[in-house]
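# sequence plus predicted model, see below.
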Amino acid sequence: MKPSNIIIVLGLASLIFYAFKSPVQDEWVVPQEYVNMPNPTDPSVDLAIGKALYNKHCKSCHGKEGYGDGPKADEMTGDLGDFSSAEYQAQTDGELFYKTTFGRDDMPEYTKKMPDDEDRWLIVNYMRTMKE
């Protein structure tokens, strides 16, 4: 076999390998100032508002129960998470606030849609109720 044919075969094999490999998302690094940020809201107050905001802004991708199975989920390329999982619930409120606020990849930034920080904190409080 000619060297050029070997290169073509290896190239095609590589393409096939990467086409079927599941996409691995980089770790979502949250700045330390957010990791340790205290939640300024009372989780027992205004939970209905957090639920309403979640339903308006989050449910279409993350689903009613937070499993990442909303109607738009199939359009997304990244991992939508499972809000009921122990891994998700182990994050600090500050980490969840940061991710909800600034987003990345398919997750949009919400500082313009929800400019009031308190609204995003209320969503964090509501997401806490999704643990199994």
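On my side now, so go ahead. As the structure is a computational prediction, the values presented were derived from the model and not from experiment.
# pLDDT score assigned to residue 114?
Note for residue 114: predicted pLDDT of 95.
# so residue 57 touches residue 113, yeah?
Yes - in this structure, residue 57 is within contact of residue 113 by CB atoms under 8 Å, at 6.5 Å. Backbone N, C-alpha and C define where each C-beta goes, glycine included.
# more neighbours: these two, which one.
With neighbours defined as other CB atoms under 10 Å, residue 57 and residue 113 compare such that residue 57 has more, 18 against 12.
# tell me which residue lies nearest the centroid of this protein.
residue 80 (4.7 Å; CA atoms, centre = their mean).
# now that one, what's its secondary structure?
coil (DSSP: H, G, I helix; E, B strand; the rest coil).
# do I have it right that it meets residue 72?
No - applying CB under 8 Å, one finds residue 80 not in contact with residue 72, separated by 9.4 Å.
# quickly list what's touching both of these two.
Any residue near both residue 80 and residue 72 by CB atoms under 8 Å, 6 or more residues apart in numbering counts here, and that gives residue 61.
# helices along the chain, start to end?
3-20, 32-35, 47-57, 59-62, 86-89, 93-102, 117-128 (DSSP state H).
# need the ones you listed in CSV with distance to residue 108 and mean pLDDT, can you?
Below are those laid out as CSV (distance: least, CB to CB, whole Å; pLDDT from 0 to 100):
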stretch, distance to residue 108, mean pLDDT
helix 3-20, 27, 55
helix 32-35, 18, 97
helix 47-57, 9, 97
helix 59-62, 9, 96
helix 86-89, 19, 94
helix 93-102, 9, 97
helix 117-128, 12, 97
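# next, format these as CSV and append distance to residue 68.
Listed next are the helices of the chain as CSV, based on distance: least, CB to CB, whole Å:
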stretch, distance to residue 68
helix 3-20, 22
helix 32-35, 22
helix 47-57, 14
helix 59-62, 6
helix 86-89, 10
helix 93-102, 14
helix 117-128, 12
